[in-house]
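Novice: After the sequence you'll find the predicted model.
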Amino acid sequence: MTTTLPTTSEQLSVALKAQIATAHTNAENSRFMANLGKGNLDRDAVAELTLQYFHIYSALEAAVRRAAKHPAVALIFDPRLERVDALTEDLTALTGAAWRNEAPLAATQRYVSELEQLGPEDGPEVVAHHYVRYLGDIAGGQVLARVFRNEYGVSEDALHFYDFSTVGKIPPYRAKYKAALDNMNLTGNEQTRLIDTAEHVFVLNQAVFTDLAALRGLN
Ligand code: HEM
């Protein structure tokens with residue numbers, strides 16, 4: 001797909017959201033996510049997804065910390081967003097200690113190895129990874145948490161991942177995040193890298209959903 005760079009009258013956050021719109025619809029409609037969101041699956045599916053997230057967020061949060069001094073990353077870096085402790089608690093509530101012996105799915109391993117390759121100079125790429133996961137979690141994640149609670153009987157002690165109360169109210173937080181994106185002063189080339197990487201991160205996530213669907217025999 002062609003990358004549409006923001007014009008002078010358009011901000012990066014707007015261009016970014018427009019560029020990921022199709023990928024977002026595809027992610028929502030992926031077999032695994034669609035079934036999960038409709039209440040067609042079960043608590044085990046929540047545990048399987050949560051396990052993938054544990055590996056992804058462990059690598060994501062390490063990558064963000066490695067690049068935290070990059071001027072673009074510094075604008076969005078916020079340890080209050082970090083999810084690894086929450087995911088550890090959730091998995092323990094969902095499976096006891098069993099999850100520690102389970103390997104991540106192949107697509108998760110590929111996602112993790114891409115994150116592991118990001119270094120301190122990869123600011124635009126790190127911002128893209130950060131945006132796709134955390135902005136998604138604080139928006140659509142809340143919809144999913146409601147389904148997990150109401151349809152699958154998942155209790156609050158396994159839903160810490162979706163609890164972002166430490167950052168305060170979500171709408172102003174999102175607005176501040178988008179203002180930070182718009183204040184990054186990136187070159188055209190860096191904006192292209194950021195937007196292209198965001199689309200690629202959707203592909204990485206989509207591959208995880210495909211593997212999860214296969215695990216469930218949904219393919
Ligand atoms: C069933 C699955 C999903 C649902 C129901 C959902 C729902 C939503 C909703 C309601 C918003 C807020 C839209 C707005 O107010 O403008 C949103 C935003 C977002 N979602 Fe999702 N989503 C889902 C899956 C995903 C996935 C799998 C990802 C990424 C891997 C993702 C990434 C994002 C991002 C990055 C945003 C922020 C867009 C922006 O405002 O710039 N979503 N989602």
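Specialist: Okay, I see it. Residues are numbered from 1 along each chain as shown.

Novice: Is the strand or helix carrying G141 positioned near the ligand?
Specialist: G141 is part of helix 136-152 when elements are defined by DSSP states H and E. Yes. On the criterion CB under 6 Å from any ligand atom, helix 136-152 is in touch with the ligand at 136, 139-140, 143-144. Backbone N, C-alpha and C define where each C-beta goes, glycine included.

Novice: Just the buried residues from the residues you listed, in PyMOL please.
Specialist: In PyMOL, this line selects whichever of the residues of helix 136-152 next to the ligand come out buried by 16 or more other CB atoms under 10 Å:
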select buried, resi 136+144
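
Novice: Can you classify the most centrally placed residue in the chain by secondary structure?
Specialist: Centroid-nearest residue in the chain, with CA atoms, centre = their mean: R133, separated by 1.8 Å. Following DSSP: H, G, I helix; E, B strand; the rest coil, the label given to R133 is helix.

Novice: Now find how far off-centre the helix holding G141 is within its chain.
Specialist: Averaging C-alpha positions (CA atoms, centre = their mean, to the nearest Å) puts helix 136-152 14 Å from its chain's average.

Novice: what is the mean pLDDT for it?
Specialist: The average pLDDT for helix 136-152 rounds to 94.

Novice: Check stretch 87-107 too.
Specialist: 96.

Novice: okay, that stretch in PDB with CA atoms only?
Specialist: C-alpha atoms of stretch 87-107 as PDB (Å, rounded to 0.1, in the frame of the first residue of the first chain):
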ATOM      1  CA  LEU A  87       0.100 -10.200  32.300                       C
ATOM      2  CA  THR A  88       2.000 -12.300  34.800                       C
ATOM      3  CA  GLU A  89      -0.800 -11.900  37.300                       C
ATOM      4  CA  ASP A  90      -3.500 -12.600  34.700                       C
ATOM      5  CA  LEU A  91      -1.900 -15.700  33.500                       C
ATOM      6  CA  THR A  92      -1.400 -17.000  37.000                       C
ATOM      7  CA  ALA A  93      -5.100 -16.400  37.700                       C
ATOM      8  CA  LEU A  94      -6.100 -18.100  34.500                       C
ATOM      9  CA  THR A  95      -3.800 -21.200  34.500                       C
ATOM     10  CA  GLY A  96      -1.900 -21.400  37.800                       C
ATOM     11  CA  ALA A  97       1.800 -22.000  37.100                       C
ATOM     12  CA  ALA A  98       1.200 -24.000  33.900                       C
ATOM     13  CA  TRP A  99       1.700 -21.100  31.500                       C
ATOM     14  CA  ARG A 100       5.400 -20.800  32.400                       C
ATOM     15  CA  ASN A 101       6.100 -24.100  30.600                       C
ATOM     16  CA  GLU A 102       4.200 -23.200  27.400                       C
ATOM     17  CA  ALA A 103       6.100 -21.900  24.400                       C
ATOM     18  CA  PRO A 104       4.800 -19.000  22.400                       C
ATOM     19  CA  LEU A 105       3.200 -19.800  19.000                       C
ATOM     20  CA  ALA A 106       5.400 -19.500  15.900                       C
ATOM     21  CA  ALA A 107       3.900 -16.100  14.800                       C
END
